[in-house]
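**Q** Model the structure of this input:
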Amino acid sequence: MEGKLPVGPICMVGEASIEAAINPSVTDYLFFVADKDGNVYFTKTNEEHQAKVNELKANNAWIQF
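**A** From the prediction side, this is the model:
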């Protein structure tokens, strides 16, 4: 079954997630990336995003799937 989705729902959306989707925050951030520790970094440009990705890779904090 590798590479296939399970039958039925795989997660439940919480009330906070629904509220955030209905009333999103106004922000200039367009990109995000997370590190191995679960920290999330937001950036405004693709250049900033790529710099953060390169930094995470250099510090062995990049998540490779």
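**Q** so where do the helices sit in this protein?
**A** 15-22, 46-58 (DSSP state H).
**Q** Check what contacts the longest one and list those residues.
**A** This means helix 46-58. 31, 33, 35, 41, 43, 62 (Cβ atoms under 8 Å, 6 or more residues apart in numbering). For every residue, glycine as well, the C-beta is placed using N, CA and C.
**Q** Name only those of those that count as buried.
**A** Among those, those classed as buried by 16 or more other Cβ atoms under 10 Å are 31, 33, 35, 41, 43.
**Q** Dump those residues into JSON lines; add pLDDT as well.
**A** Below are the buried ones among the contacts of helix 46-58 laid out as JSON lines (pLDDT from 0 to 100):
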{"residue": "31", "pLDDT": "97"}
{"residue": "33", "pLDDT": "95"}
{"residue": "35", "pLDDT": "95"}
{"residue": "41", "pLDDT": "97"}
{"residue": "43", "pLDDT": "97"}
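**Q** can those residues go into TSV with extra columns for distance to residue 12?
**A** Output for the buried ones among the contacts of helix 46-58, formatted as TSV (distance: Cβ to Cβ, whole Å):
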residue	distance to residue 12
31	27
33	25
35	26
41	27
43	30
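**Q** Where does pLDDT dip in this structure?
**A** Across the chain, the ranges flagged by pLDDT under 70 are 1-2.
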